[in-house]
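> okay, sequence plus prediction incoming.
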Amino acid sequence: MCGRFLIRQDPNVFRSFYGYPEQPNFPARYNVAPTQPVPIVLAERGERHFRLMRWGFLPGWLKDPKGFPLIINARVETVQEKATFRGAIRHRRCVLLADGFYEWRREGTGKAMTRTPYLIRRADGAPMALAGVWENWLGADGSEIDTAAIVTTGANGTMAAIHDRMPAILSAEAIEPWLDHLGTEPRDAVALCRPCPDEWLTLDVVSARVNDARNEGADLAVPVGRARPETVSDIPPEERPLSSDEDAQGTLF
């Protein structure tokens, strides 16, 4: 599961790295959370473009999003099979702009369970290309929402110490075929979403302040000697995002 990430570098760094013509001027964000607008890059007519989309996927066939689970992740193992993502993995692949993501190491069980937040970044400091899928949802009243989800895969050796899943992080060479929905078949695109090499990543314990999506600021990404674990039972159920990786949603589609 990937339920929180950060965008730290200057917009021009991302523009140069991905090669889109738009010149967006977006601020650094250290606690990007589900339902918020997220920057993505996609390919249209052979060219890359920058877009903003809602993080929380709505399939095109959905009539009413009220009561629909919050889909923030798509498991690469089943993304071709599930009706929710079948069209998107073939026609609407994207990359979410990021510099790293957060994951929580859970320890204990029941009410005694605690979780410690980690920030995972690329060791070389390059933008972290998170594979994604997107969809343009049309409401009965004519409203439109562009929505996206992060593709996840099994954890590599580094990540396995804290979680059994991780976002699919694309190599620089894999970005082009991933975005090329006309030239790359879904089965070949899915093959690009492997656990990245261990040496790509660094893991740092960070402040438990990142647990609250309302908190923002560069201090959230500062490594700490030891984070104060938060008891999972203290988090209101409505603030625990569902994903296609875990909880009830995984059995729905």
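Nice, I can see it. Numbering: from 1, shown residues only.
> where do the helices sit along the stretch 1-150 of the chain?
11-18, 86-91 (DSSP state H, counting those that start in this stretch).
> Ser171: which of those is closest?
helix 11-18 (12.5 Å; C-beta to C-beta). In this view, the C-beta of every residue, glycine as well, is placed from N, C-alpha and C.
> okay, now Glu176: neighbour count?
Neighbour count for Glu176, taken as other C-beta atoms under 10 Å: 14.
> looking at the helices of the stretch 1-150 of the chain, which is nearest to Thr114?
For the helices of the stretch 1-150 of the chain, the distance to Thr114 is smallest for helix 11-18, at 34.9 Å, taking C-beta to C-beta.
> so how far is the closest one off the chain centroid?
19 Å (C-alpha atoms, centre = their mean, to the nearest Å).
> give me the most central residue, the chain.
Ile150 (3.7 Å; C-alpha atoms, centre = their mean).
> can you tell me the SS state at Glu199?
State at Glu199, reduced to three classes by DSSP: H, G, I helix; E, B strand; the rest coil: helix.
> so it makes contact with Asp124?
No: with contacts counted by C-beta atoms under 8 Å, Glu199 stays clear of Asp124, the gap being 9.4 Å.
> more neighbours: those two, which one.
Using other C-beta under 10 Å, the more surrounded residue of Glu199 and Asp124 is Glu199, with 11 against 8.
> which residues does that one contact?
Neighbouring residues of Glu199 by C-beta atoms under 8 Å, 6 or more residues apart in numbering: Ala123.
> from here on, count from 7
Happy to do that; since the first residue is 7 now, the last one works out to Glu205.
> circling back: out of the helices of the stretch 7-156 of the chain, nearest to Val47?
Smallest distance to Val47 across the helices of the stretch 7-156 of the chain (C-beta to C-beta): 4.7 Å, for helix 17-24.
> could you export that closest one as PDB, CA atoms only?
C-alpha atoms of helix 17-24 as PDB (Å, rounded to 0.1, in the frame of the first residue of the first chain):
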ATOM      1  CA  PRO A  17       9.000  22.200 -10.500                       C
ATOM      2  CA  ASN A  18      11.700  22.700 -13.100                       C
ATOM      3  CA  VAL A  19      13.500  19.600 -12.000                       C
ATOM      4  CA  PHE A  20      10.400  17.500 -12.700                       C
ATOM      5  CA  ARG A  21       9.800  19.300 -16.000                       C
ATOM      6  CA  SER A  22      13.400  18.600 -17.200                       C
ATOM      7  CA  PHE A  23      13.200  15.000 -16.000                       C
ATOM      8  CA  TYR A  24       9.900  14.100 -17.600                       C
END
